[in-house]
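Student: Generate a structure from the sequence data that follows.
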Amino acid sequence: MLNLDTKVENMVGVGPKTALKLQKLGIEKVSDLLYHFPARYDDLSKVTRIADVKVGQTCCIEGKIVDIKNQRSPKKRIFITHALLSDQAGSIKAIWFNRPFLTRVLKRGENIILAGKLEYGPAGIYLNNPIYEKEAGILPVYPETEGLNSKYLRKLIKSAIHLASQINDFLPNEVKKHQNLIDIDKAIRQIHFPTNQSVILRAKSRLAFDELFLLQIKMLKMRKDWQENKAPKMIFDKKTIQSLVKKLPFRLTDAQRKAAWEILLDLQKDIPMNRLLEGDVGSGKTIVAAIAMLVVAKNKYQSLLLVPTEILAIQHFGSLIKVFSDFNIKVGLLTQGKNEINGHKVQRKELLEKIQEGRVDVVVGTHALLQEKVSFNKLGLAIVDEQHRFGVEQRATLRRKSFAPHLLSMSATPIPRSLSLAMYGDLDLSILDEMPKGRQKVKTFFIPPNKRESAYRFVTKQIKNRRQVFVICPLIEESDKLGVKAATKEYQKLKKEIFPEYSVGLLHGKMKTKEKETAMHNFKSGKYAILVSTAVVEVGVDIPNATVMIIEGADRFGLAQLHQFRGRVGRGKHQSYCFLFSDSSSEKTKKRLLFLVKFQDGFKLAEQDLEIRGPGELYGIKQHGFWDFKMASLKDVITIQKARKEAKNIMKSGLESYPAILSKIKEFEAGRKLE
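Tutor: Modelled structure (predicted):
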């Protein structure tokens, strides 16, 4: 007897081969089948009289099959199926290619529905490869795989749809009432077999709400769990902070002051801080973080700064040594290739011992800091830079390094409001929406193939004026994860053909630590006029004398990432430029790149990127503990807000009073589907 946990291979009409095909669609049990939602619908409920259809239009007609037969085409070696359909107003031909089985499925004298495009050719006026159904209605079209079409999936789902009544409706009645949502069994039935368009919308609303509600519960639960532990209270002395700020070679923006104050107020509490510091490229997040680290060190606690690349770790390490030079603060660097304290090399074992003994105040590093053998004496603050690259589990690992450190996440990739609500609902938010004075706008240009030579001539003038140039290369193929092949090829071309009279350097992720350091040092010191690199320079690299950013294959990058690359120039006193090179002839691609030409605002670009590419590609959601939604959209701010409001009410009432929700959360966290 069928139930929700029945394996699909035990269903009537499903053999071992079909079961394997269903597995490709993520369908192993009956419950998976019911949650395999349509991608779209074909509306065959609006039938047009044959006499009223027009050539070039897509139409839906209903009539009796007068004749149907197969004919073999000797030239193309394919079967052509001809049918003649008539209603009270007229007759029409239908033609299918390579579908000879239709003569067994469709019989003379039967009434059927055909939907397709009416075309004109040697055979006269005919419906070209129309879809066919025995009854009029709204038909779901599902995500398919080879050998499994929507017609088969509809039939299989229909045989199990009565089991929708067995699905546990975990959403409390009061929530359904507040949000005017239908019951889950009704939503499942209507999403698969709707009677009209409004029914589809109601079903989608319920199913989308479920997904976003569970995500919000998960976020709020994480926040509650995090705040159940006590954090060390940090007392701060305004004079100490002022002495650091006064020695800076620049004046803090009002946004930086506000963000620093919000963080300091959090550090004063014994509730662990869980804050996201978000700002556009060059808005000055690092100095805000340094102020927090200074306060923590003066309270005899340690801080760690976790960054995505070794190059960035080395740069932050050098910057913090300078910032803290007058405060007797020991700064350590821990990466796969380097172990240092305040600029002096040490053995890895010695560094780990000093961290464990509390004799290093600030530790900067990459993923190496997440290793279990790295332990802290009194970790008071964990800072994660470019935090969208690190998942929920990695953040949890940081928390296990101490009883309850304060946590500050930082991102130079602006996050649209809908995404910050959905993805980072467990974090408080500080935004740096003001750029430091003197920061120039980078003039950006889209360069088609026929304009390359003039762009190179412009670059030559910049180099003659002692300026420097970045050249970024994309991946050539999936196997080349770091884009090394593209970068090496471009390096050889520029060095030998385009700029043979100037020094060209190469930087990519597969180089050894020493080689990367040498390449960056040579570029920073001016030894290299041009640096060819992979996306490894996306974040944090600071070369004030670089005034030109060339991005090869710009169409392969998202707007947010292109904006990050652009942010590597424009950091000095000279006007800077960004050239977007693309060989793509697509108007859509050109339009997207021209959006970057027009706008400098990272938040506006992030919204556009979200619209074009979706959140999964942009922020690595699939890889970072977030579910691949079937019905919800992370662009839907209104539903996210509604779901968050209801989730907050549930959390206030006490989640333990809702065992059905707790059960769903466990499934959610295990990466299982909502069943």
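Student: For the stretch 401-550 of the chain, which residues score under the pLDDT cut-off?
Tutor: 401-403, 414, 417-418, 423, 425, 438, 476-485, 536-541 (pLDDT under 70).
Student: show me where it has helices.
Tutor: Taking DSSP state H, counting those that start in this stretch, the helices of the stretch 401-550 of the chain run over residues 417-423, 452-464, 484-493, 513-524.
Student: As a check, name the ranges of all helices in the stretch 151-300 of the chain.
Tutor: Taking DSSP H, counting those that start in this stretch as the test, the helices found in the stretch 151-300 of the chain are 173-179, 184-192, 197-227, 238-246, 254-267, 285-298.
Student: out of those, deepest packed?
Tutor: Mean neighbours per residue, mean count of other C-beta atoms under 10 Å, is largest over the helices of the stretch 151-300 of the chain for helix 285-298, with a mean of 23. (Glycine included, C-beta is placed from N, CA and C.)
Student: quick one: average pLDDT of that one?
Tutor: For helix 285-298, mean pLDDT rounds to 96.
Student: Any idea which of the helices of the stretch 401-550 of the chain gets closest to Ile167?
Tutor: helix 417-423 (24.2 Å; C-beta to C-beta).
Student: Model confidence for Asp183, exactly?
Tutor: 97.
Student: repeat for Phe599
Tutor: On pLDDT, Phe599 comes in at 88.
Student: Is it possible to get CSV of the helices of the stretch 401-550 of the chain that adds distance to Val307 and mean neighbour count?
Tutor: Formatted as CSV, the helices of the stretch 401-550 of the chain follow (distance: least, C-beta to C-beta, whole Å; neighbours: other C-beta atoms under 10 Å):
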stretch, distance to Val307, mean neighbour count
helix 417-423, 20, 21
helix 452-464, 30, 14
helix 484-493, 21, 19
helix 513-524, 14, 17
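Student: Ile355: which of the ones you listed is closest?
Tutor: Per C-beta to C-beta, nearest to Ile355 of those: helix 513-524, 19.7 Å.
Student: contacts for that closest one?
Tutor: Contacts to helix 513-524, defined as C-beta atoms under 8 Å, 6 or more residues apart in numbering, come from residues 310-311, 314, 335-338, 468, 505-507, 511, 528, 531, 541, 543, 546.
Student: can you do 7 Å?
Tutor: Outside helix 513-524, the residues within contact range by C-beta atoms under 7 Å, 6 or more residues apart in numbering are Glu310, Ile311, Ile314, Gly337, Lys338, Gln468, Gly505, Leu506, Leu507, Tyr528, Leu531, Ile543.
Student: How far away from the center of its chain is it?
Tutor: Centroid displacement of helix 513-524 relative to its chain, using C-alpha atoms, centre = their mean, to the nearest Å, is 31 Å.
Student: ok, Leu148 - contacts?
Tutor: Listed by C-beta under 7 Å, 6+ apart, the contact set of Leu148 reads Lys21, Leu22.
Student: Got the confidence number for it?
Tutor: 91.
Student: What of the one 5 residues further on?
Tutor: The confidence metric pLDDT takes the value 94 at Leu153.
Student: Equivalent analysis for Ala396, please.
Tutor: 63.
Student: Also Asn274?
Tutor: Confidence for Asn274, expressed as pLDDT, is 87.
Student: From what I see, it and Leu408 are in contact.
Tutor: No: in this structure, Asn274 is not within contact of Leu408 by C-beta atoms under 7 Å, at 8.6 Å.
Student: Comparing the two, which shows the higher neighbour count?
Tutor: Leu408 (28 against 21; other C-beta atoms under 10 Å).
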